[in-house]
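>>> Pasting the sequence and the predicted model now:
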Amino acid sequence: PNGEYVCFMNHDLRAADMTDWRVQDAAQHTYIFPPFVLNPGTIVRLHSGPGTNTATELHWARGLTWNNDHDVVYLYDSFTRLVTSYVY
């Protein structure tokens, strides 16, 4: 269950307040982060599908999101500035 996920790591020395940040795929399916802080050196895993959110596991309840053969992961901050992207 929830085997489909994407991970984000905070490489900064400061905590990152990711509240209202957005994750999108190439089809513009959008996940909006709830009130959430990612501590330095910490990884958060965003699962496709339902579940209970924790400090390191979040759940995008829309179900399967990512294309198996290719897609793009976009991460935007709360001001809709592109923070990073990954193409596969």
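That came in fine, so what should we check first? Residues are numbered from 1 along each chain as shown.
>>> rest of the way, CA atoms for contacts and neighbours
OK.
>>> which regions of the chain sit below the pLDDT cut-off?
Residues of the chain that meet the criterion pLDDT under 70 lie in 1-2.
>>> Which parts of it are strands?
5-9, 16-17, 22-24, 30-32, 37-38, 43-48, 57-60, 72-76, 82-87 (DSSP state E).
>>> so what's the nearest residue to Leu38 once chain neighbours are set aside up against?
Nearest residue to Leu38, sequence neighbours excluded (C-alpha to C-alpha, 6 or more residues apart in numbering): Ala16, at 5.1 Å. Going by C-alpha atoms under 8 Å, 6 or more residues apart in numbering, Ala16 touches 10, 37-40.
>>> If any of the residues you listed are buried, put those into a PyMOL selection.
Buried members of those, defined by 16 or more other C-alpha atoms under 10 Å, are picked up in PyMOL with:
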select buried, resi 10+37+38+39
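>>> Would you format the contacts of Ala16 as a markdown table with distance to Asp71 included?
As requested, these are exported to a markdown table (distance: C-alpha to C-alpha, whole Å):
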| residue | distance to Asp71 |
| --- | --- |
| Asn10 | 22 |
| Val37 | 26 |
| Leu38 | 25 |
| Asn39 | 27 |
| Pro40 | 28 |
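>>> from what I can see Leu38 touches Asn10, true?
Yes - because the distance of 6.5 Å satisfies C-alpha atoms under 8 Å, Leu38 is recorded as touching Asn10.
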